[in-house]
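*Asks:* Need a 3D model of the following:
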Amino acid sequence: MSAWQLVAVGLVLLLGLLGVLMPGVPGPLIVWAGVLWWAMTEQTAVAWTVLIAATGLLLLNQALKWLLPARSLRTAGAPYRTLFLAGLAGIAGFFVIPVIGGPLCAVGGLYVLERVRLGGHGDAWASTRTVMRAIGLSVLIELFACLLVVGAWMGAVLAK
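*Replies:* The predicted structure is shown next:
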């Protein structure tokens with residue numbers, strides 16, 4: 001696979017990660033499609049293993065999403081922009097502090113953004129807790145699963 005194709009696959013995976021944060025965009029499906037494209041082009045044992053693991057992990061992710069209780073984002077009170085920026089902080093944190101940085105930076109980014117928006121610690125903390133109860137767990141699980149898939153892809157590409 002050429003360097004340009006790897007960059008294109010990486011951009012598709014990044015689009016999938018961003019899709020997790022945007023309502024209506026099937027982020028995990030886009031991430032899976034990027035890994036499928038890479039595996040179909042590479043056709044090595046490592047590529048097929050990453051594809052099989054990604055398929056299993058993303059299917060498990062979908063099952064977990066259906067098992068979690070659905071709650072409304074409107075009751076949480078935080079604007080979509082705040083949630084999107086907190087998700088971007090989670091994506092950046094995943095690469096700065098591998099694996100555990102994703103959830104930590106997503107929740108920390110949400111708190112900081114809410115503190116800026118609301119002005120005080122008490123209000124920001126209450127809003128952060130409410131958002132995390134409403135949708136945070138579901139989004140964090142989906143984002144974490146997609147980040148694990150992207151991390152496995154990056155590991156396989158770098159190990160080659």
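
*Asks:* What ranges does the chain have for its helices?
*Replies:* 3-21, 27-42, 45-67, 80-96, 101-118, 121-131, 137-159 (DSSP state H).

*Asks:* Can you name the residues that contact Q62?
*Replies:* Counting by CB atoms under 8 Å, 6 or more residues apart in numbering, Q62 touches P28. (C-beta placed from N, C-alpha, C; glycine too.)

*Asks:* do L14 as well
*Replies:* With CB under 8 Å, 6+ apart, L14 has no contacts at all.

*Asks:* roughly how far apart are it and G155?
*Replies:* Relative to G155, L14 is positioned 16 Å away (CB to CB, to the nearest Å).

*Asks:* any chance of the helices of the chain in TSV, plus mean pLDDT?
*Replies:* Listed next are the helices of the chain as TSV, based on pLDDT from 0 to 100:
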stretch	mean pLDDT
helix 3-21	93
helix 27-42	96
helix 45-67	93
helix 80-96	87
helix 101-118	90
helix 121-131	87
helix 137-159	91
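
*Asks:* At the geometric centre of this structure, which residue do we find?
*Replies:* Per CA atoms, centre = their mean, the C-alpha nearest to the average position across the chain is that of L143, at 2.2 Å.

*Asks:* Hmm, it is touching G102, no?
*Replies:* Yes - counting by CB atoms under 8 Å, L143 touches G102, with 6.6 Å between them.

*Asks:* so what sits against both of those two?
*Replies:* In contact with both L143 and G102: G90, I91, using CB under 8 Å, 6+ apart.
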